[in-house]
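K.L.:
Structure for the following, please:
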Amino acid sequence: MPELAAPLIEWYRKNARELPWRAPGFGAWGTLVSEFMLQQTPVNRVIPHLEAWLARWPAPTDLAAAAPADAVRQWANLGYPRRALWLHRAAVEIRDRHAGVVPRDVDDLLALTGIGDYTARAVAVFAYGERHPVVDTNTRRVIARAVGGRSQPGPPTRSDLADMAGLLPAGREDAATFNAATMELGAVVCTARAPRCDSCPITRICAWRTAGYPDTGDDRRRQARYEGSDRQARGAVLKTLRDADAAGIRTDELLAEWSDPHQRDRAITSLADDGLIELVDGSARLPH
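P.N.:
You can find the predicted model right below:
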């Protein structure tokens, strides 16, 4: 297995982007919120929402004291709005189980609503300096190419954590930096469609480059088209209710102009099933 850590850490310390969650003293709550927002959402879209969120709710207890509707409304157009509800529930759990302090133990983090393997380890590593492998899509792509000689990673599996764990340096600080560096490399250099191999600090030890950049296929799951989808209808329903007053809107008037009334009804029903809206006395509203 090639020694990736030293050149990647050196590269990262010279070239890492300045991002809010990388600032000294950013804190575990800010890290947790940023990781929720960054799921399937580009960095440039997340930053202003993150700053507004933390200005309004600088601690988990602040968010826990707010209504779920406030969290959904503040989430605005970030997409995948269930994340707002999950984050609100996680804040309540942090208040009730951990005295308002984001836990550092991975198992405690995994027990919070909406938190999976990646987010739990990201908080433990980047906020608290614990030594764990942190694996996202960018990490998996770097390992697939540099170690596996493949053009793209396969579907996520539990073995991804073991693969990254085998590459981690022994020291906690270096391990945390290597986790961040691998993600950064995948985000800005070793990109999915147009990798910039001439700028890569590990190009000389990259198995994919050594093999002549073979196309080994791509079986990653493709995201469904947004335009005309049920996701678009759900987003339109939520936007309308975010702009409405607390009493909500009669369901027969909500998005009445939508071109596909069956899709509109599906959107309303699915949002209610997810707890993102409430249906009360013939009206729809954000959750109270």
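
K.L.:
Next up, phi/psi of the residue most central in space within the chain, please.
P.N.:
Residue closest to the average C-alpha location in the chain (Cα atoms, centre = their mean): Q39, at 2.0 Å. Phi and psi for Q39, reported as degrees, to the nearest 10, are phi -70, psi 110.

K.L.:
Can you pull the poorly scored residue ranges out of the stretch 1-150 of the chain?
P.N.:
Within the stretch 1-150 of the chain, the stretches with pLDDT under 70 are 1-2.

K.L.:
measure the residue nearest to the centre of the chain to R82 for me?
P.N.:
Separation of Q39 from R82 (Cβ to Cβ, to the nearest Å): 10 Å. Backbone N, C-alpha and C define where each C-beta goes, glycine included.

K.L.:
rewinding a little: if you skip the residues just before and after it, what's nearest to the residue nearest to the centre of the chain?
P.N.:
With sequence-adjacent residues excluded and distances taken as Cβ to Cβ, 6 or more residues apart in numbering, Q39 is closest to R83, at 6.5 Å.

K.L.:
these two touch, right, that neighbour and Q40?
P.N.:
No. Contact criterion Cβ atoms under 8 Å: R83 and Q40 do not qualify, at 9.1 Å.

K.L.:
Which of these two has more residues huddled nearby?
P.N.:
A direct count of neighbours by other Cβ atoms under 10 Å for R83 and Q40 places R83 higher, at 19 against 11.

K.L.:
ok, and what's touching the strand or helix carrying that one?
P.N.:
Take DSSP states H and E as the rule and R83 turns out to sit in helix 82-98. For helix 82-98, contacts defined as Cβ atoms under 8 Å, 6 or more residues apart in numbering pick out 32-33, 36-37, 39, 57, 60-61, 63-64, 66, 68, 71-72, 74-75, 78, 100-103, 108, 111-115, 274-276, 287.

K.L.:
Beyond it, next helix or strand please.
P.N.:
Immediately after helix 82-98, counting by DSSP H and E, sits helix 106-110.

K.L.:
which residues of this structure fall in helices?
P.N.:
5-15, 28-38, 43-56, 60-64, 68-75, 82-98, 106-110, 117-122, 137-146, 159-165, 172-188, 207-210, 230-243, 261-273 (DSSP state H).

K.L.:
JSON lines for those, including distance to C197?
P.N.:
As requested, the helices of the chain are exported to JSON lines (distance: least, Cβ to Cβ, whole Å):
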{"stretch": "helix 5-15", "distance to C197": "14"}
{"stretch": "helix 28-38", "distance to C197": "26"}
{"stretch": "helix 43-56", "distance to C197": "22"}
{"stretch": "helix 60-64", "distance to C197": "42"}
{"stretch": "helix 68-75", "distance to C197": "38"}
{"stretch": "helix 82-98", "distance to C197": "34"}
{"stretch": "helix 106-110", "distance to C197": "34"}
{"stretch": "helix 117-122", "distance to C197": "26"}
{"stretch": "helix 137-146", "distance to C197": "9"}
{"stretch": "helix 159-165", "distance to C197": "21"}
{"stretch": "helix 172-188", "distance to C197": "11"}
{"stretch": "helix 207-210", "distance to C197": "6"}
{"stretch": "helix 230-243", "distance to C197": "35"}
{"stretch": "helix 261-273", "distance to C197": "43"}
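
K.L.:
Next up, the contacts around R131.
P.N.:
V125, L168, G171, R172, A175, A176.

K.L.:
Taking the residues you listed, tell me the two that lie furthest apart.
P.N.:
V125 and G171 (12.6 Å; Cβ to Cβ).

K.L.:
Looking at these two, which one has more neighbours?
P.N.:
Taking other Cβ under 10 Å, V125 and G171 do not tie; V125 has more neighbours (23 against 12).

K.L.:
Which residue comes closest to M164 once chain neighbours are left out?
P.N.:
The shortest distance from M164 to any non-neighbouring residue, by Cβ to Cβ, 6+ apart, is to P133 (3.5 Å).

K.L.:
And A211, by the same measure?
P.N.:
Take A211 and drop its neighbours on the chain: the residue closest to it by Cβ to Cβ, 6+ apart is G149, 4.7 Å away.

K.L.:
Got phi/psi on the one you found?
P.N.:
Backbone torsions of G149, given as degrees, to the nearest 10, read phi 70, psi 20.

K.L.:
Check the one 4 residues further on too.
P.N.:
When quoted as degrees, to the nearest 10, the phi and psi of P153 stand at phi -70, psi 160.
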